[in-house]
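Q: How does the following fold in three dimensions:
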Amino acid sequence: MYHFFIHQDQIGEDSIRITGPDVNHMKNVLRMGAGEEVLISNGVDKDYLCEIVSVTSTEVIARILSVDEAGKELPAKIYLFQGLPKSDKMEFIIQKAVELGVYQIVPVETRRTVVKLDKKKEESKLRRWSAVSESAAKQSGRLIVPEVAGVMTFEKALALSKEFDMTVIPFEHAKGMEETRQILSAIKPGMNAGIFIGPEGGFEDSEIELAKSFGARPITLGKRILRTETAGLSVLSVLSFLLEP
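A: Below you'll find the predicted structure:
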């Protein structure tokens, strides 16, 4: 079943009005018509199972059949602070992080970051990354489309994370899997938690010390060294397992 996101003001008492780019996609790409069922999310807390009533060039009207408020989101808000990787790895990271339940993704410039984005390139990348997030949210049945924030410096990202209940930073020289288990198990429903992942080449020791001064907890992900596109997803997978009711 196809899945779309709308704003709260598009929801009526018994119907939903879809406008914008989704109309062209539904009408001319998917060839959808009256009688077909679609899943529509308000981007906050509800899924609506709907039946299409009419399709025009400017709007789609869908009748609400049922409302699902069961909740498909993780009970904690997980923020992924991702060191900017090379090539198109960021798109892969965003796609999979959204599937695993991330709440927000923050691209971060670190000392070993190779990719440098000027303002124009950053705006272009953010549009593309946001589209990837929305597509992944639709595919995975999310109630929200996780935001991809603007690129931050490492220091600014740490300052943001200081207000969280828990922040972790996987580091290849960290030791003690049992301590890592305890740290991740301490992230409970209702908390805000941050995960810092370095780019290719990881973090410098001085960055780890700086992160610790902001309250971040170094953790190990095992004896194997994971790629930047694998490390964050590994932590998210563990947290998803621990937090899913």
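
Q: ok, the residue nearest to V98 when sequence neighbours are not counted - how many residues close by?
A: Excluding its sequence neighbours, the residue lying closest to V98 (CB to CB, 6 or more residues apart in numbering) is A136, at 3.8 Å. Where you see a C-beta, it was placed from the backbone N, CA and C, and this is true even at glycine. Counted with other CB atoms under 10 Å, residues neighbouring A136 total 21.

Q: Also K119?
A: Residues near K119, counting by other CB under 10 Å, number 9.

Q: Quick check: the gap between it and G150.
A: 10 Å (CB to CB, to the nearest Å).

Q: can you give me the helices for the chain?
A: For the chain, the helices defined by DSSP state H occupy 21-24, 89-99, 119-140, 154-161, 177-185, 205-213, 228-243.

Q: Enumerate every residue touching G201.
A: R112 (CB atoms under 8 Å, 6 or more residues apart in numbering).

Q: how near is it to Y103?
A: From G201 to Y103 the distance is 27 Å (CB to CB).

Q: can you pull the pLDDT of A70?
A: On pLDDT, A70 comes in at 64.

Q: So what's the residue count around the residue nearest to F92 when sequence neighbours are not counted?
A: Distance criterion CB to CB, 6+ apart; nearest residue to F92, sequence neighbours excluded, is E229 at 5.7 Å. The tally of other residues near E229 (other CB under 10 Å) stands at 18.

Q: wait, isn't E229 in contact with P85?
A: Yes: counting by CB atoms under 8 Å, E229 does reach P85; the two are 6.3 Å apart.

Q: Of the helices of the chain, which is nearest A62?
A: When the helices of the chain are compared by CB to CB, helix 21-24 sits nearest A62, at 11.1 Å.

Q: circling back to that earlier point, and the helices of the chain: which comes nearest Y79?
A: helix 154-161 (7.1 Å).

Q: got the contact list for G150?
A: G150 makes contacts with P107, E122, L126, as judged by CB under 8 Å, 6+ apart.

Q: Isn't the first one up against L84?
A: Yes: using CB under 8 Å, P107 and L84 qualify as a contacting pair, with a distance of 5.4 Å.

Q: what do the two both touch?
A: Counting by CB under 8 Å, 6+ apart, the residues touching both P107 and L84 are M90, V151.

Q: So these two - more neighbours on which side?
A: More crowded of P107 and L84, by other CB under 10 Å: P107, with 27 against 21.

Q: buried ones in stretch 146-165?
A: Residues of stretch 146-165 classed as buried by neighbour count (16 or more other CB atoms under 10 Å): P146, E147, V148, A149, V151, M152, F154, A157, L158, L160, S161, F164.

Q: Mean confidence (pLDDT) on it, please.
A: Mean predicted lDDT for stretch 146-165 stands at 96.

Q: Any idea how far apart the tips of it sit?
A: Using CA to CA, to the nearest Å, the end-to-end distance of stretch 146-165 comes to 20 Å.

Q: thinking again about what came up before, most tightly surrounded among the helices of the chain?
A: Mean neighbour count (mean count of other CB atoms under 10 Å) peaks for helix 89-99 among the helices of the chain, with a mean of 21.

Q: shaky segments in the chain?
A: 70-71 (pLDDT under 70).

Q: K188 reaches L74, doesn't it?
A: No: counting by CB under 8 Å, K188 does not reach L74; the two are 11.3 Å apart.

Q: Give me the common contacts of the two.
A: Shared contacts of K188 and L74, counting by CB under 8 Å, 6+ apart, come down to L243.

Q: Neighbour count: these two, which is higher?
A: L74 (21 against 13).

Q: List the contacts of the residue nearest to that one when sequence neighbours are not counted.
A: Excluding its sequence neighbours, the residue lying closest to L74 (CB to CB, 6+ apart) is G101, at 4.1 Å. By CB under 8 Å, 6+ apart, the contact set of G101 is E73, L74, I78, R142, L236, L239, S240, L243.
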